[in-house]
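K.L.:
Predicted model and sequence below, questions to follow.
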Amino acid sequence: MPVRHVHVRRARTRDVAHIRRLVDTYTTDRRVLSKSTVNLYEDIQEFWVAEVETASDAPLPGAVPAQNPLDASAADPGPERRVVGCGALHVLWEDLAEVRTVAVDPSLRGLGVGHRIVAELLDTARELGVRRVFCLTFETGFFAKHGFAPIQGTPVSSRVYEELLRSYDEGVAEFLDLERVKPNTLGNTRMLVYLDEATRTARA
């Protein structure tokens, strides 16, 4: 089915099954942190999804072939929308957030879907007043295109670090580089972008 266009929007609860499918595609090789379904529902307000409009040549089950142009809609099921990507923005502190759980259907990788999602997440961070956005990733080249650069350590003060230790979020534990989650982060690069220095990513 040919892709007509990509639309990025805020996720809804009905999207959780699709997000679950996308996340599971990348958790086996630890490219994305595994999340339980209940966590996805709890965090749904952090998520954006990308959906594509596809053209289907197959008629709906039981459809009667159109006899004249006025009846064409009876045989044409019209475009279908399919969720093909997701990503979340998790606020860590007053001036700091994390882009996480970015996943794109493997069949559409390299077509700009992930870039559209990350651009939306960064715009959301700007709207919230966040100045810095963190990510932990294998895809350094991808995130570099959005202004992210590798960093060492944890970019918060000792006071904020102590406050973040109170969080039960596994992603925060990875941000803090706690010993118990190090197996999850092997090979990943810690990256950061300063939004007041980054240019707004142009949308296709």
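P.N.:
Nice, I can see it. Numbering: from 1, shown residues only.

K.L.:
Select the longest strand from the chain.
P.N.:
For the chain, the strand reaching the highest residue count under DSSP state E is reported as strand 80-93.

K.L.:
That one packs against which elements?
P.N.:
Identification of packing neighbours for strand 80-93 by 3 or more C-beta pairs under 8 Å, 6 or more residues apart in numbering; DSSP states H and E yields helix 16-27, strand 47-54, strand 96-104, helix 113-128, helix 158-164, helix 170-175. Placement of C-beta: from N, CA and C, glycine included.

K.L.:
what's the first one in contact with?
P.N.:
It refers to helix 16-27. Contacts of helix 16-27 with the rest of the structure, by C-beta atoms under 8 Å, 6 or more residues apart in numbering, involve 11, 32-35, 37, 40-41, 44, 47, 49, 83-86, 101, 103-106.

K.L.:
any idea how far residue 122 is from the residue sitting nearest the centre point of the chain?
P.N.:
Relative to the mean C-alpha position of the chain, the nearest C-alpha, by C-alpha atoms, centre = their mean, is the one of residue 87, at 1.1 Å. With the distance defined as C-beta to C-beta, to the nearest Å, residue 87 ends up 10 Å from residue 122.

K.L.:
For the two, list the residues in contact with both.
P.N.:
Taking C-beta under 8 Å, 6+ apart as the contact rule, the neighbours common to residue 87 and residue 122 are residue 99.

K.L.:
residues near residue 17, how many?
P.N.:
Here the number of neighbours of residue 17 (other C-beta atoms under 10 Å) works out to 11.

K.L.:
How confident was the prediction at it?
P.N.:
On pLDDT, residue 17 comes in at 96.

K.L.:
From residue 35, how far off is it?
P.N.:
As judged by C-beta to C-beta, residue 17 and residue 35 stand 13 Å apart.

K.L.:
same deal with residue 16?
P.N.:
Applying C-beta to C-beta, the value for residue 16 to residue 35 is 10 Å.

K.L.:
Then residue 102?
P.N.:
When C-beta to C-beta is applied, the distance between residue 102 and residue 35 equals 13 Å.

K.L.:
Next: residue 14.
P.N.:
For residue 14, the distance to residue 35 (C-beta to C-beta) stands at 17 Å.

K.L.:
still on that earlier bit, mind checking which of the contacts of helix 16-27 are buried?
P.N.:
With burial judged by 16 or more other C-beta atoms under 10 Å, the buried subset of those is 11, 32-33, 35, 40, 44, 47, 49, 83-86, 101, 103-105.

K.L.:
Which of the residues you listed scores worst on pLDDT?
P.N.:
Here the lowest pLDDT out of the buried ones among the contacts of helix 16-27 sits on residue 33, with 81.

K.L.:
Give me the below-cutoff pLDDT ranges for this structure.
P.N.:
1-4, 55-79, 197-204 (pLDDT under 70).
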